[in-house]
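*Asks:* Fold the following and give me the result.
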Amino acid sequence: MSHTDVILAGATAAFAIDLIIYPLDTVKTRLQASSEWTGGRRALFKGAYQGVGSIILATLPSSATFFLTYNFLVKNLSSTLLPSDRRPSQAFQSAIHALSSAIAETASCAILTPAEVIKQNAQIVSPTSQATTSSSLMAFRALLKEPKSLFRGYSALVSRNLPFTAMQFPLYEEMKRRIYEKKGITQPSLLQVGIVTAISAGSAGSFAATITTPLDVIKTRMMLLKRDGKRNSASMLETANSILRNEGPKAIWKGGSIRAVWTFLGSGLYLGTFECSKIYLSRRRQAEERR
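*Replies:* Alright, predicted model coming up:
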């Protein structure tokens, strides 16, 4: 499969998720933002697409970086680390998937962080105060006053995403393998690929999302321009201590349920669309070459 196919498949999947599932991400951010969200619970879904522009702009480069890195490492690490005459065990393959996804996610996060910071600050702008200016533009202008703040929360984003992907991808690959094996499917149709991938990725993602919710709450608080009305410059540890001290242990799990649902739908659609797009593009290319 060509790099172009991987990039197109990843971009198609990412755009689909951004447009369909984004409102749930907005609600999650507002629940986690504590006193910085002033719209109240009745307005949680109002302006649900605030900040989506920044994420759409970052989707292609970040998703392309992730999938190109992940596919390259999965393909090459086994042959590099094992002799050619030795077949890798299932545990070894799971470790390769975990390591590959972790490295790919670290690279992807470097591209995604500024867009994520803009997005989360835009999501907590009260819809009634926007006037005619885009919430993303408002957040970007405010962040530009201190450019280094665009990368605030990179450490938290990586700290959340590394264990998330390290859990999700081995689980996803194993669940997918077992479903195909149990159903006796050796050459799945495009529909079967989509369904099996969506179920496997959604279930694995939902589990990983639940476990990593505290890290997601810390990341959200760190990325906000202000915290409790003051300029935010707290570290991960300071942010975690502040949440636990001022709001109690339950606060560190805010948005966990909606994040599990969001990730089940998002991961299922994302990887399902990616795999289907990848196979479709590959088959179309092969058909054109045979003509």
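
*Asks:* mind listing what's buried in stretch 204-215?
*Replies:* Ala204, Gly205, Ser206, Phe207, Ala208, Ala209, Thr212, Thr213, Pro214, Leu215 (16 or more other Cβ atoms under 10 Å). The C-beta positions use only the backbone N, C-alpha and C, and glycine is treated the same way.

*Asks:* Can you pick out the most distant pair from these?
*Replies:* Across those, the longest distance by Cβ to Cβ is 19.1 Å; it joins Ala204 and Pro214.

*Asks:* Ala13 reaches Ser267, doesn't it?
*Replies:* No: assessed by Cβ atoms under 8 Å, Ala13 is found out of contact with Ser267, at 10.2 Å.

*Asks:* neighbour count winner among those two?
*Replies:* Legend: neighbour count by other Cβ atoms under 10 Å for Ala13 and Ser267, higher for Ser267 (26 against 23).

*Asks:* What helix or strand is that one located in?
*Replies:* Using DSSP states H and E, Ser267 maps to helix 256-290.

*Asks:* and the buried residues of stretch 204-215, which of them are in strands?
*Replies:* Among these, the subset assigned to strands under DSSP state E is empty.

*Asks:* Can I get those in TSV including distance to Phe274 and pLDDT?
*Replies:* Below are the buried residues of stretch 204-215 laid out as TSV (distance: Cβ to Cβ, whole Å; pLDDT from 0 to 100):
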residue	distance to Phe274	pLDDT
Ala204	14	97
Gly205	13	96
Ser206	17	97
Phe207	19	97
Ala208	17	96
Ala209	18	96
Thr212	21	97
Thr213	24	97
Pro214	28	97
Leu215	24	96
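
*Asks:* between those, which is closest to Cys109?
*Replies:* Nearest to Cys109 out of the buried residues of stretch 204-215 is Leu215 (Cβ to Cβ; 12.7 Å).

*Asks:* Grab the nearest non-local neighbour of that closest one.
*Replies:* For Leu215, ignoring the flanking residues on the chain, the nearest one in space by Cβ to Cβ, 6 or more residues apart in numbering is Arg160 at 3.9 Å.

*Asks:* Against which helices or strands is the helix or strand hosting that neighbour packed?
*Replies:* Arg160 is part of helix 154-183 when elements are defined by DSSP H and E. For helix 154-183, the elements it packs on are helix 90-123, helix 190-211, helix 213-223, helix 236-247, helix 256-290, judged by 3 or more Cβ pairs under 8 Å, 6 or more residues apart in numbering; DSSP states H and E.

*Asks:* Would you mind giving these as JSON lines with distance to Phe164 added?
*Replies:* Below are those laid out as JSON lines (distance: least, Cβ to Cβ, whole Å):
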{"stretch": "helix 90-123", "distance to Phe164": "8"}
{"stretch": "helix 190-211", "distance to Phe164": "5"}
{"stretch": "helix 213-223", "distance to Phe164": "8"}
{"stretch": "helix 236-247", "distance to Phe164": "16"}
{"stretch": "helix 256-290", "distance to Phe164": "9"}
